[in-house]
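K.L.:
Please work out how this folds:
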Amino acid sequence: MRKVLNLNQGWKFTYKDGKTTDVNIPHTWNYADGQDGGNDYYRGVCTYERSFEKPDFSAEDELVYLQFHGVNSSCRVFVNEQEVLRHDGGYSTFRRDITGFLKDKNRLVVETDNRVNDTVYPQKADFTFYGGIYRDAELMTVNKNHFDLDYYGGPGFQVTPQVQGKDGSVKVISYPKGEYDKISVTIFDADGLQAAQGEGSSAEILMKNVHLWDGVKDPYLYRAVVRMEKNGETTDEVSCRFGFRSFYTDPQKGFFLNGRLYPLRGVSRHQDRRGLGNAITKEMHEEDMELICEMGCNTVRLAHYQHDQYFYDLCDEKGMVVWAEIPYISEHMPNGRENTVSQMKELITQNYNHACIVCWGVSNEITISTKDKADMLDNHRMLNNLCHEMDPTRFTTLACYAMCGPFNKSAHITDVVSWNLYLGWYVPGLFLNDLWVGFFHKVYPKRALGYSEYGAEGMPNLHSSKPRRGDHTEEYQALYHEYLAQFIEKRPWMWATHVWNMFDFAADARNQGGEPGMNHKGLVTFDRKTKKDSFYLYKAYWSDRPFVHICSKRFKDRTESEITVKVYSNQSKVTLLCDGKEVAEKTGNRIFTFQVPINGKHKLEARSGNLSDQAEFCKVSQPNPSYKLTAKSSNSANWV
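P.N.:
Residues are numbered from 1 along each chain as shown. I've put the predicted structure just below:
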């Protein structure tokens, strides 16, 4: 049976200056503190080194694998001065049998490399390419007779559930290596009770009255356990959770889950944190998921790369429908075609069993700076075919660049398409969203369309009573999303819409909003401490958790004698009080506005039933200068 030894502790890290320090992993050398593009942002080679004792194993019957869950972006790994593996791609699991290299005491060296090159994706994108061993490293001891560990970092088996009316079937294909007498498959329900059994390396099991994985309302999961036996003893065992569900897209109606219309409305997510980069903990993944759930999302686009397996697990558990993609982004590199294939094979192989994933993303904004368009289109067709060959149960998609016109050939290769459109932010005119989407839908009525990105920068410290495009205020971000939320609600036929972004994230090429090295389109700040007003807007549209929220609380100092106070709520009636006296009671839908005279310091309270929220506003003679973006800060339109 498998034994896993964690290798996270006790590493020696050598930085570019040759200085060696003691570190534990997960670790990155780009800390993303929002200064100078992410704290002395360095793209180069750094080294991690540690020693370890030879694990207790039977040399006759067992093998020892070295396993990494994420090293960015490329690496060379040495055991006792011998190179045992190389890996290109910073977001996936990879491993190698190192049994033949082991001694009683062993020296492990990992050369990590995030240098600029033209072969490994990503190389050009609006996020920081952190370097380091930023996920777990392990030694895994397995019997020589085991399920395959050598194919693109996969688990060694695939579980394919299918819904057949009220019943279901599940096909479990396993990939044994070595000798065996028997392979058995046992299906357990969510309570741990045995639900079905099967045998063989290609077992198809029929099940009556299956409980469906039904999105956020009922994300029911079964567990498949696959065992290999030799001479009556189990030599290896693997397992995963899975869910029965059906889904499809209709260009005229939208996305369907389990036979009913289920518009996908949610966010995109980057995985980094202030002071940690991508080297984040399970607790941080859980916090991200809780915030996404609080807002009422039912989908997450996991951009722009393969995320931690733990987060896919959380999406399974919470019922989040997932768009998973590779970092084939911003620029087609002819020398990088092989890397797009290997990263796609890793993404699908390692994530095939997740109930949450419904589609594979082929690329993102690939037309920004691509020169060899013919080669790019050919690569897209190849990747699209690869996805269907490896996984005929899911559909393919891609995210088109805003300046990529509706007639662009790249937008018509995958099964469905989405656009990254920032109409009303990078260009004036929120109404352009109506015109653009209406035009595409009319010209291509058989093409399912979504929004893969839309958003606006919003700084919680910047404010205006007359917000305008480009001012980076919390108020303009809220106005932008008010328009888009209503726009999207009127179009349930859009198969999916994903806000860009759930969280602020590091982007080394940017210098906007008075904080360099950051993208501030998040609905929640980089440290996850502040929910911007736009967060509560979508909570009002999507969540059934009752709440009221007074907007612009951080905009305390006002020069006007009368201010407009806005309240977001998913309740139908809201009452506003000023200094304990009722201003007005209003019946409405999500957005409630009140006019409030002010002549000093005032305490406001919004109520709806037993729900309440408070804010404080103060009449001042001069505008608070800290609310305005300074001239020293750039408000340039984009990073490209």
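K.L.:
what about the helices in the chain?
P.N.:
282-295, 309-318, 337-351, 373-390, 432-443, 474-489, 533-542 (DSSP state H).
K.L.:
For the one residue sitting closest to the centre of the chain, give its distance to V210.
P.N.:
Most central in the chain under Cα atoms, centre = their mean is L302, positioned 2.5 Å from the mean C-alpha point. For L302, the distance to V210 equals 27 Å [Cβ to Cβ, to the nearest Å]. For glycine as for every other residue, the C-beta is placed from the backbone atoms N, C-alpha and C.
K.L.:
and what of K573?
P.N.:
Distance of K573 to V210, computed by Cβ to Cβ: 42 Å.
K.L.:
okay, those two: which has more neighbours?
P.N.:
V210 (26 against 13; other Cβ atoms under 10 Å).
K.L.:
which residues touch the nearest residue to that one once chain neighbours are set aside?
P.N.:
Distances taken as Cβ to Cβ, 6 or more residues apart in numbering put G168 closest to V210, at 3.7 Å, once the chain neighbours are dropped. Residues near G168 by Cβ atoms under 8 Å, 6 or more residues apart in numbering: 161-162, 206-207, 210, 244.
K.L.:
redo that, cut-off 7 Å
P.N.:
Contacts for G168 were tallied using Cβ atoms under 7 Å, 6 or more residues apart in numbering; they are 161-162, 207, 210, 244.
K.L.:
quick one on the thing from earlier: deepest-packed of the helices of the chain, please.
P.N.:
Ranked by mean neighbour count under mean count of other Cβ atoms under 10 Å, the helices of the chain are led by helix 533-542, which reaches a mean of 24.
K.L.:
and the angle from that helix to helix 282-295?
P.N.:
Per axes from the mean of the first three to the mean of the last three Cα atoms, to 10 degrees, the angle that helix 533-542 makes with helix 282-295 is 60 degrees.
K.L.:
tilt between helix 533-542 and helix 474-489?
P.N.:
20 degrees.
K.L.:
what about helix 533-542, average pLDDT?
P.N.:
For helix 533-542, mean pLDDT is 98.
K.L.:
contact partners of that helix?
P.N.:
Contacting residues not belonging to helix 533-542 are listed as 265, 294-297, 458, 474, 477-478, 481-482, 485, 489, 523-524, 547, 549, 551-552, 568-570, 590 [Cβ under 7 Å, 6+ apart].
K.L.:
Listing request: residues of the chain with sub-threshold pLDDT.
P.N.:
Low-confidence segments of the chain, defined by pLDDT under 70: 31-40, 631-640.
K.L.:
Repeat the analysis, applying 50 as the threshold.
P.N.:
32-39, 635-636 (pLDDT under 50).
K.L.:
Just confirm V567 contacts K553, I think it does.
P.N.:
No: look at V567 against K553 with Cβ atoms under 7 Å: they stay out of range, at 11.1 Å.
K.L.:
neighbour-wise, which of the two wins?
P.N.:
Neighbours per residue, other Cβ under 10 Å: of V567 and K553, the larger number sits with V567, 27 against 16.
K.L.:
Report how many residues lie close to the closest residue to H388 other than its chain neighbours.
P.N.:
In this structure, H388 finds its nearest non-sequential neighbour in T396, 7.1 Å apart by Cβ to Cβ, 6+ apart. Counted with other Cβ under 10 Å, residues neighbouring T396 total 21.
K.L.:
which strand residues sit across from T396 in the sheet?
P.N.:
T396 has these beta-bridge partners by DSSP bridges: W360.
K.L.:
From what I see, it and S363 are in contact.
P.N.:
No: T396 is beyond contact range of S363, at 10.3 Å (criterion: Cβ under 7 Å).
K.L.:
related to what we said a few turns ago, which ones are touching the residue nearest to the centre of the chain?
P.N.:
269, 322-324.
K.L.:
just to revisit the earlier point, with distance to K54 added, can I get the helices of the chain in a markdown table?
P.N.:
Shown next, in a markdown table, are these (distance: least, Cβ to Cβ, whole Å):
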| stretch | distance to K54 |
| --- | --- |
| helix 282-295 | 29 |
| helix 309-318 | 27 |
| helix 337-351 | 28 |
| helix 373-390 | 37 |
| helix 432-443 | 61 |
| helix 474-489 | 56 |
| helix 533-542 | 51 |
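K.L.:
wait, which of these is closest to E515?
P.N.:
helix 474-489 (14.0 Å; Cβ to Cβ).
K.L.:
Can you show me the strands along the stretch 501-640 of the chain?
P.N.:
Secondary structure of the stretch 501-640 of the chain (DSSP state E, counting those that start in this stretch): strands at 505-512, 515-519, 548-550, 557-558, 562-569, 573-578, 581-587, 591-597, 601-608, 611-619.
K.L.:
Contacts for the fifth one, please.
P.N.:
If you take Cβ under 7 Å, 6+ apart as the criterion, strand 562-569 is touched by 536-537, 540, 547-552, 574, 576, 590-598, 604, 606, 608, 617.
K.L.:
how about a cut-off of 6 Å?
P.N.:
Applying Cβ atoms under 6 Å, 6 or more residues apart in numbering, the external contacts of strand 562-569 come out as 536-537, 540, 548-551, 574, 592-598, 606, 608.
K.L.:
likewise the fourth one?
P.N.:
Residues from elsewhere that reach strand 557-558, judged by Cβ under 6 Å, 6+ apart: 617-618, 620, 624.
K.L.:
Ok, the third one next?
P.N.:
The list of residues contacting strand 548-550 from outside it, by Cβ under 6 Å, 6+ apart, reads 536, 567-569, 606, 608, 611, 613, 615.
K.L.:
Now tabulate the residues you listed in TSV and tack on distance to C240.
P.N.:
As requested, the contacts of strand 548-550 are exported to TSV (distance: Cβ to Cβ, whole Å):
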residue	distance to C240
Y536	36
V567	45
Y568	40
S569	41
A606	46
S608	43
L611	41
D613	42
A615	47
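K.L.:
For PyMOL, write the select line for the buried members of these.
P.N.:
What follows is the PyMOL syntax for the buried subset of those, where burial is set by 16 or more other Cβ atoms under 10 Å:
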select buried, resi 536+567+568+569+606+608+613+615
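K.L.:
ok, the contacts of strand 548-550 vs N143, which is closest?
P.N.:
Nearest to N143, judged by Cβ to Cβ, of the contacts of strand 548-550 is Y536 at 53.4 Å.
K.L.:
quick one: that closest one from S410, how far?
P.N.:
37 Å.
K.L.:
And T530, by the same measure?
P.N.:
37 Å.
K.L.:
These two: which is more packed in?
P.N.:
A count of neighbours by other Cβ under 10 Å puts S410 above the other of T530 and S410, at 22 against 15.
K.L.:
List the residues that contact F555.
P.N.:
H463.
K.L.:
before we move on, what about E457?
P.N.:
472, 513, 520-521.
K.L.:
Give me the contact list for stretch 102-122.
P.N.:
Applying Cβ under 6 Å, 6+ apart, the contact partners of stretch 102-122 are 43-52, 54, 71-80, 88, 129, 131-132, 327-329, 333, 335-336, 339.
K.L.:
which of the residues you listed are buried?
P.N.:
Among those, those classed as buried by 16+ other Cβ under 10 Å are 43, 45-50, 52, 71-79, 88, 129, 131-132, 327-329, 333, 336, 339.
K.L.:
Which of those fall within strands?
P.N.:
Counting by DSSP state E, the buried ones among the contacts of stretch 102-122 place 45-50, 52, 71-72, 74-79, 88, 132 in strands.
K.L.:
Quick check: K446 touching P251?
P.N.:
Yes: assessed by Cβ atoms under 6 Å, K446 is found in contact with P251 at 5.3 Å.
K.L.:
So the two - more neighbours on which side?
P.N.:
A direct count of neighbours by other Cβ under 10 Å for K446 and P251 places P251 higher, at 15 against 7.
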